[in-house]
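# Got a sequence here, can you model it:
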Amino acid sequence: MHAEIIAIGSELTTGAKLDTNSQWLSLELAEIGIPVRFHSTVADDHAAMLELFRGAADRSDIVLITGGLGPTLDDLTRQLLADLLGTELVLHEPSLAYIKELFEKRGRYMPERNVIQAKFPEGSEPIENPVGTAPGIWLEYPREGREPSRVAAMPGVPSEMRRMYANQVLPRLPQGDKVIMKARVNCFGIGESAAEEKLGDLTARGREPEVGITVHEATITLRITAHGNSREECQVAIDETKELIRERMEGFVFGEEDEGLEHILMRSLVAQEKTIAVAECGSGGVLARSLSSVNENDLFRGGLVLSESGMASDPLSIPAELIDEHGVISRAAAKFAAEQIRELFHVDYALFVSAFRPLDHDEEGKPIPNAYVAAASDEHTYVQDHVLVGDPQIARSRAAKTIMDLMRRKLL
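Prediction:
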């Protein structure tokens, strides 16, 4: 048994809006052991939608559709479901009465066009929508020699769709043949191809559990998907795979699920009862925002966001002679800045991100670091080169993560 999810709307295919419904529904279906094989997004086009509906209902045991149930002329889902069944739309009086009542409660006149929302393909069932004017549709599409495909159409508004799915659609769905459980392991400081090389056969096609790799703003997430006859069986397989990942990825693993580097740092500071402050140029406040967003932020005592020229003035005041000798973007300046911040804020740890400069190369053709990051404690100050490679849109986030990762590795 497998499912397919279809998102309706030209606003999605043109990129004007993002489809979050399909992701949410996939996660929900996994909870009942139903894998999703297809995600489709289709514009408000009669021929394209009908072709997609027919193909989906023929190949998939469950088809969940979101969007296209409004009252306007471009809301085609209900009519196309009727075309799929070869039937007509028929008026459902209880639904019409409910829609009229909803308008009255809001003190508004119901346009005649809204009557269409109370019409359903003959042979289908209306799905109540207690918070909106668009009821859903439930139907079974006959397939020769096979069980019928179960089709549910729901509103595109996420809050309405989620409530309808949980209360009205989920109880109608069968349980999957297998239990599906998922887990995530987060890594930093290594590229995607290098990570795959270290993981070896863990990412091989057809392995159980499956291990997939995704990258977001330089954080690598290893997605584990286990299939089994019970949750216990899946959990054992996930735990064994996590152990193998940690062995092969050495010190690159920092957390699981939604944990970011900032959560790991602040949790360690809580355990140590230590405080922290930051100063940053190139990361533009991303570092301070990340650390202050964690609940244990009373240990984050503050930060400075500076321009390159501001590094030489109060309160950081990197000495002019140091800048003349080494430059404002240098290992020496980064070391001084981290130690100065620690003194200024009277904290146990201090982090610093220098300004960024354009990529350049030395006489041997080696890249000159674009920036430097530094982490200081009462005993040690560590400085690390930072070369800006890859997507410039994530440069600030990557720099902030680099200094947090340096602290994780060296000071905690």
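
# hey, let's count contacts and neighbours off CA atoms from now on
Noted.

# Break down the protein into its helices, ranges please.
Using DSSP state H, the helices found in the chain span residues 10-13, 21-31, 46-59, 77-85, 93-105, 158-164, 192-199, 231-249, 261-272, 286-292, 320-326, 331-345, 395-410.

# I'd like the ones you listed as a markdown table, with mean pLDDT, distance to Gly67 and mean neighbour count appended.
Shown next, in a markdown table, are those (pLDDT from 0 to 100; distance: least, C-alpha to C-alpha, whole Å; neighbours: other C-alpha atoms under 10 Å):
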| stretch | mean pLDDT | distance to Gly67 | mean neighbour count |
| --- | --- | --- | --- |
| helix 10-13 | 95 | 10 | 16 |
| helix 21-31 | 94 | 10 | 17 |
| helix 46-59 | 97 | 12 | 16 |
| helix 77-85 | 96 | 7 | 21 |
| helix 93-105 | 90 | 18 | 16 |
| helix 158-164 | 95 | 9 | 18 |
| helix 192-199 | 93 | 36 | 15 |
| helix 231-249 | 95 | 33 | 16 |
| helix 261-272 | 94 | 37 | 17 |
| helix 286-292 | 95 | 35 | 21 |
| helix 320-326 | 92 | 60 | 12 |
| helix 331-345 | 95 | 53 | 21 |
| helix 395-410 | 94 | 35 | 21 |
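
# For those, please prepare CSV with the additional fields distance to Glu140.
As requested, the helices of the chain are exported to CSV (distance: least, C-alpha to C-alpha, whole Å):
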stretch, distance to Glu140
helix 10-13, 26
helix 21-31, 18
helix 46-59, 9
helix 77-85, 9
helix 93-105, 20
helix 158-164, 18
helix 192-199, 43
helix 231-249, 30
helix 261-272, 47
helix 286-292, 48
helix 320-326, 74
helix 331-345, 65
helix 395-410, 48
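
# Determine which of those helices approaches Met311 most closely.
Nearest to Met311, of all these, is helix 331-345, at 8.3 Å by C-alpha to C-alpha.

# can I have the closest one written out in CSV, keeping just the CAs?
What follows is helix 331-345, C-alpha atoms only, in CSV (Å, rounded to 0.1, in the frame of the first residue of the first chain):
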residue,chain,number,x,y,z
ARG,A,331,44.6,35.9,13.1
ALA,A,332,46.2,38.3,15.6
ALA,A,333,43.3,40.7,15.4
ALA,A,334,40.8,37.9,15.9
LYS,A,335,42.7,36.6,18.9
PHE,A,336,42.8,40.0,20.5
ALA,A,337,39.1,40.6,19.8
ALA,A,338,37.9,37.3,21.4
GLU,A,339,40.0,38.0,24.5
GLN,A,340,38.8,41.6,24.7
ILE,A,341,35.2,40.6,24.5
ARG,A,342,35.7,38.1,27.3
GLU,A,343,37.1,40.9,29.5
LEU,A,344,34.5,43.5,28.5
PHE,A,345,31.5,41.3,29.3
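
# Any figure for the gap between Lys401 and Ala56?
According to C-alpha to C-alpha, to the nearest Å, Lys401 and Ala56 sit 42 Å apart.

# Excluding chain neighbours, give the residue nearest to Ala399 in space.
Ser283 (6.0 Å; C-alpha to C-alpha, 6 or more residues apart in numbering).

# And that neighbour, what's its pLDDT?
Listed pLDDT for Ser283 reads 92.

# Let me see the domain layout of this protein.
3-172, 179-256, 261-410 (automatic domain parsing).

# contact partners of stretch 391-402?
Stretch 391-402 has contacts (C-alpha atoms under 8 Å, 6 or more residues apart in numbering) with 189, 217-218, 261, 282-284, 286-287, 353, 373, 386, 388.

# Looking at neighbours, which among these is most surrounded?
Counting neighbours by other C-alpha atoms under 10 Å, Val353 leads the contacts of stretch 391-402 with 33 neighbours.

# I figured that residue hits Ala334, correct?
Yes: contact criterion C-alpha atoms under 8 Å: Val353 and Ala334 qualify, at 7.4 Å.

# And the pLDDT at Gln393?
79.

# any idea how far it is from Gly285?
Here the distance between Gln393 and Gly285 works out to 15 Å (C-alpha to C-alpha).

# quick one: which of these two has more around it?
Per other C-alpha under 10 Å, whichever of Gln393 and Gly285 has more neighbours is Gly285, with 20 against 9.

# OK, contacts around the more buried one?
304-305.

# And it, how far from Ala312?
In terms of C-alpha to C-alpha, Gly285 sits 18 Å off from Ala312.

# Also Ala374?
For Ala374, the distance to Ala312 - C-alpha to C-alpha - is 17 Å.

# more crowded one of these two?
Neighbours were counted for Ala374 and for Ala312 using other C-alpha under 10 Å; Ala374 has more, 30 against 19.

# Tell me the spatial nearest neighbour of that one, not counting adjacent residues.
That would be Val383: by C-alpha to C-alpha, 6+ apart, it lies 4.3 Å from Ala374.

# Can you verify my assumption that that neighbour contacts Phe336?
No: with contacts counted by C-alpha under 8 Å, Val383 stays clear of Phe336, the gap being 10.1 Å.

# Okay, and the beta partners of the residue nearest the centre of the chain?
Geometric centre of the chain, nearest residue: His216, 8.6 Å, by C-alpha atoms, centre = their mean. Applying DSSP bridges to His216 gives these bridge partners: Thr219.

# And the pLDDT for it?
Note on His216: pLDDT of 91.

# list residues touching both of Val353 and Ala334?
With C-alpha under 8 Å, 6+ apart, Val353 and Ala334 have common neighbours 372-374.

# which among those gets closest to Ile180?
Val373 (41.8 Å).

# Nearest spatial neighbour of that closest one, chain-adjacent residues omitted?
Nearest non-adjacent residue to Val373 (C-alpha to C-alpha, 6+ apart): Val353, at 4.6 Å.

# For Ile137, see how far away that neighbour is.
Taking C-alpha to C-alpha, one finds Val353 at 55 Å from Ile137.

# Same check on Lys410?
57 Å.

# what does Gly284 give?
49 Å.

# Repeat that for Ser283.
When Ser283 is compared with Ile137 (using C-alpha to C-alpha), they lie 49 Å apart.

# Check Phe345 too.
For Phe345, the distance to Ile137 - C-alpha to C-alpha - is 61 Å.

# re the thing from before, show me the shared contacts of Val353 and Ala334 that map onto strands.
Counting by DSSP state E, those place 372-374 in strands.

# need the contact list for the residue nearest to Val115 when sequence neighbours are not counted.
Nearest residue to Val115, sequence neighbours excluded (C-alpha to C-alpha, 6+ apart): Leu96, at 6.5 Å. Residues near Leu96 by C-alpha under 8 Å, 6+ apart: 115, 117-118.
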